[in-house]
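Enquirer: Model the structure of this input:
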Amino acid sequence: MAGGRKQAPPREDVLAAAMEMIAERGLEKLTMAALGREVGMSSGHLLYYFGSKDELLLRTLEWSEGRLGAERARLLTRAAPARERLRAYVDLYVPDGHRDPHWTLWLEVWNRSQNAAVESDARDRQAAIEGAWHRDLVALLAEGISRGEFRRVDPDRFAARLRALLDGLSIHVAIGLRGTDRARALQHVAEFLADALLADTLPADGLRADD
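Expert: Just a heads-up that it's a prediction; the model follows:
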């Protein structure tokens with residue numbers, strides 16, 4: 001009807017636009033007003049839908065993680081040796097480079113979660129994202145151990161240590177720390193896995209970063 005109220009875009013479109021803005025302009029340019037202009041909504045309408053910028057950022061992160069989760073599932077369920085699927089997991093985990101939009105968003109959400117006023121629901125949702133990565137890695141390690149591709153380690157403990165290494169290196173890559181780029185980070189992880197997980201089993205060639 002002419003003069004009728006303009007419908008708001010689907011929420012997924014808003015989240016996709018937020019992620020695109022982070023990728024193209026940086027997180028500092030993502031304001032409610034700027035995002036509203038991008039999707040044809042007022043900042044007031046965005047606040048009505050999301051409640052706060054913190055919630056917008058967390059929803060955007062969950063949306064991005066949903067896409068990564070689907071890609072991770074595809075990579076980990078394909079018919080390939082466990083060591084090759086582990087390399088794919090690592091490749092997906094480590095940022096593409098400095099100011100990688102997903103990791104930029106992750107770092108901001110982590111930083112904001114230090115606030116004592118952050119609701120437990122938000123912390124639980126962050127933990128759910130972390131938990132999905134951890135469970136998939138534990139399952140992959142257990143499978144590789146059962147097939148004799150990996151050394152006999154405790155899958156849960158090893159996954160916790162490997163993810164700590166991945167997080168540390170990924171932060172260095174994402175913030176552009178001098179001397180740590182994606183290629184070097186992948187090489188560090190490959191060497192760690194060759195020593196700690198593949199020694200005395202199969203050749204480590206499947207995990208070398210320079211293959």
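
Enquirer: in the chain, which segments are predicted with low confidence?
Expert: 1-9, 116-118, 199, 201-211 (pLDDT under 70).

Enquirer: Longest helix of it, counting residues only.
Expert: The single longest helix within the chain, with elements called by DSSP state H, is helix 120-146.

Enquirer: Quick check: next helix or strand after that one?
Expert: helix 155-175 (DSSP states H and E).

Enquirer: contact partners of that next one?
Expert: Contacts to helix 155-175, defined as Cβ atoms under 8 Å, 6 or more residues apart in numbering, come from residues 90, 93-95, 97-100, 103-104, 107, 133-134, 137-139, 141-142, 145, 177, 180-182, 185, 188-189, 192-193, 196-197. Quick note: C-beta positions are derived from backbone N, CA and C, even for glycine.

Enquirer: just stretch 30-37 next, same as before
Expert: The contact list for stretch 30-37 (Cβ under 8 Å, 6+ apart) reads 14, 17-18, 21-22, 41-43, 45-47, 53, 56.

Enquirer: Neighbour-wise, which one of the residues you listed leads?
Expert: Ala18 (27 neighbours; other Cβ atoms under 10 Å).

Enquirer: which residues does that one contact?
Expert: The neighbours of Ala18, taking Cβ under 8 Å, 6+ apart as the test, are 30, 35, 56-57, 60.

Enquirer: Narrow the contacts of helix 155-175 to those in helices?
Expert: Short answer: the contacts of helix 155-175 in helices (DSSP H) are 90, 93, 103-104, 107, 133-134, 137-139, 141-142, 145, 182, 185, 188-189, 192-193, 196.

Enquirer: Now do the strand or helix carrying Gly44: distance to the chain's middle.
Expert: Per DSSP H and E, Gly44 falls inside helix 43-50. Taking Cα atoms, centre = their mean, to the nearest Å, one finds helix 43-50 lying 26 Å from the centre of the chain it belongs to.

Enquirer: then it to PDB, C-alphas only?
Expert: C-alpha atoms of helix 43-50 as PDB (Å, rounded to 0.1, in the frame of the first residue of the first chain):
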ATOM      1  CA  SER A  43      19.400   3.300  15.100                       C
ATOM      2  CA  GLY A  44      16.300   3.300  17.300                       C
ATOM      3  CA  HIS A  45      14.900   0.300  15.400                       C
ATOM      4  CA  LEU A  46      18.200  -1.600  15.600                       C
ATOM      5  CA  LEU A  47      18.200  -1.000  19.400                       C
ATOM      6  CA  TYR A  48      14.600  -2.200  19.500                       C
ATOM      7  CA  TYR A  49      15.600  -5.500  17.800                       C
ATOM      8  CA  PHE A  50      18.900  -6.100  19.600                       C
END
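
Enquirer: could you give the angle of the helix or strand just after it to helix 120-146?
Expert: Next helix or strand after helix 43-50 toward the C-terminus (DSSP H and E): helix 53-76. Relative orientation of helix 53-76 and helix 120-146, computed by axes from the mean of the first three to the mean of the last three Cα atoms, to 10 degrees: 10 degrees.
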